[in-house]
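S.K.: this one's sequence-less:
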C-alpha cells in the first residue's frame, strides 16, 4: 500500500498545476456531431476509431489511461482540412483486447499502427501525432517505417533510448516512474477500479481546471474503463514490456534490474528519426521529466522542441489551443 500511496501522490501523469488560461472543452454532443465511428480489422485485431474530414490523414495515438476521446478537440480542429483519425489502440475501450500479456509486446503494437495506417491512408504519407504510450510507439514506428510519414509530432513521450538512460541513471526519473512497478502488479486493476474508478478519475481529472472536463467527459472515461477488461489491456503494455525503474528491495512486488534499454531498444538498435519531428513538452510533467529532452537532437535529424512551462503531462487537455497552434504551424512549414 505504501507503493500505491506513492503512486497516487506522484499523480501518475498529473501536473502539479494547470494553466489558468486552459480552454474549456466543447460540449461533447456538439463536438461529436461531424465525427464518424468506424471499425477496421488489421493485424488480427478489430480496432474502433473515430474520423472526421477529408484530405491527408493526420493520425492521433493516445496513451494510458486514455482512449480516442483524448483527441476530441484535435479531431474537431484538424477535421476541418485533414482526415483526422483517432483509434482506440489494442486493449482499449471498443477495440479488441487480446487475452495474453505477450500480445502487448512492441512488435504487434507497431504492426497494428502500420496495418491501420496502410488501410486508412491508402499508401499516402500521413502525419502522426502521439502522446504518452502512443508517443513511445510513434518513436519506434517512425524509425521503422519512415516512408509512410510526412511529419511526426510527439507530445510528452520520451524517446526509448533516452528514457532507458534516464531510468538507469537519473534518481529523480526513477522515483517519478515508481508507479510503473505498481502497474505490473496483480492488484493494479482492483486498486484503480475501486470506488467507481475514483482514484483513476482523480489522477486524470484532479489536477485539471473544472473548465477542462465536463461531467459528461468524466462519464465517457469511466464508461471506457468499465468495458470488460478495460484496464487490463492498457496495463498489459507495461507488463509485456517490463517497463519500470530498477528495484532492489526484497519487499518490492517485482524485482527489476537496472535497464540498459527500454521497449527492447538501445541506442545502437533504434535508427535515427529522419522525418521532420516536433516535440511538444509540458514542463510541469511530474511523471516524465524534462531530462528526457537532453540529447534528443542526436536521435532526430530534423528536430523542433516546443517547451510549454505552464502545462504538464496532460497538456492536450490543459492547453488544447496551444497544442493545436503548434501542430498547425509545424505541418504548414515546408
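M.R.: Cool, got the structure. Remember, predicted model here, so these are calculated numbers, not experimental data.
S.K.: who's in contact with stretch 143-151?
M.R.: For stretch 143-151, contacts defined as C-beta atoms under 8 Å, 6 or more residues apart in numbering pick out 56, 110, 114, 117-118, 121, 125-128, 142, 270-278, 330-331. C-beta coordinates here come from the backbone N, C-alpha and C atoms, glycine included.
S.K.: what comes up buried for it?
M.R.: Going by neighbour count (16 or more other C-beta atoms under 10 Å), the buried part of stretch 143-151 is 143-145, 148-149, 151.
S.K.: Just the terminal-to-terminal distance for it.
M.R.: 12 Å (C-alpha to C-alpha, to the nearest Å).
S.K.: And the strands in the stretch 201-334 of the chain, which stretches?
M.R.: 277-282, 303-308 (DSSP state E, counting those that start in this stretch).
S.K.: which of these sits most buried?
M.R.: Among the strands of the stretch 201-334 of the chain, strand 277-282 has the highest mean neighbour count (mean count of other C-beta atoms under 10 Å), at a mean of 25.
S.K.: For that strand, which outside residues touch it?
M.R.: So strand 277-282 is contacted by 15, 142, 151-156, 290, 293, 296, 300, 302-308, 310-315, 318-319, 323, 326-327, 330 (C-beta under 8 Å, 6+ apart).
S.K.: Try it again at 6 Å.
M.R.: 152-156, 300, 303-308, 311-312, 315, 326, 330 (C-beta atoms under 6 Å, 6 or more residues apart in numbering).
S.K.: How far does that strand sit from its chain's centre?
M.R.: Its chain's C-alpha centre and that of strand 277-282 lie 13 Å apart, by C-alpha atoms, centre = their mean, to the nearest Å.
S.K.: Mind jotting down where the strands sit in the stretch 51-200 of the chain?
M.R.: Here the stretch 51-200 of the chain has its strands, by DSSP E, counting those that start in this stretch, at 57-61, 83-87, 126-131, 149-155.
S.K.: Which one of those strands lies nearest to residue 76?
M.R.: Nearest to residue 76 among the strands of the stretch 51-200 of the chain is strand 83-87 (8.2 Å), distances taken as C-beta to C-beta.
S.K.: Check which residues of the biggest helix by length in the chain are buried.
M.R.: If you go by DSSP state H, the chain has its longest helix at helix 188-205. Within helix 188-205, the residues scored as buried using 16+ other C-beta under 10 Å are 188-189, 191-193, 197, 199-201, 203-205.
S.K.: Then stretch 42-57?
M.R.: 42, 45, 47-53, 56-57.
S.K.: Just the pLDDT for the residue nearest to residue 315 when sequence neighbours are not counted.
M.R.: Nearest residue to residue 315, sequence neighbours excluded (C-beta to C-beta, 6 or more residues apart in numbering): residue 282, at 3.7 Å. Looking at residue 282, its pLDDT is 97.
S.K.: Show me what residue 282 is bridged to.
M.R.: Here residue 282 shows beta-bridge partners residue 308, assigned using DSSP bridges.
S.K.: State the distance from it to residue 191.
M.R.: 26 Å (C-beta to C-beta, to the nearest Å).
S.K.: separation between residue 197 and residue 65?
M.R.: 9 Å.
S.K.: again, but for residue 140
M.R.: 21 Å.
S.K.: neighbour-wise, which of those two wins?
M.R.: residue 65 (25 against 22; other C-beta atoms under 10 Å).
S.K.: Any stretches of the stretch 1-150 of the chain with poor pLDDT?
M.R.: Applying pLDDT under 70 to the stretch 1-150 of the chain flags residues 1-33.
S.K.: Show me where it has its helices.
M.R.: 2-10, 28-31, 72-78, 106-121, 133-144 (DSSP state H, counting those that start in this stretch).
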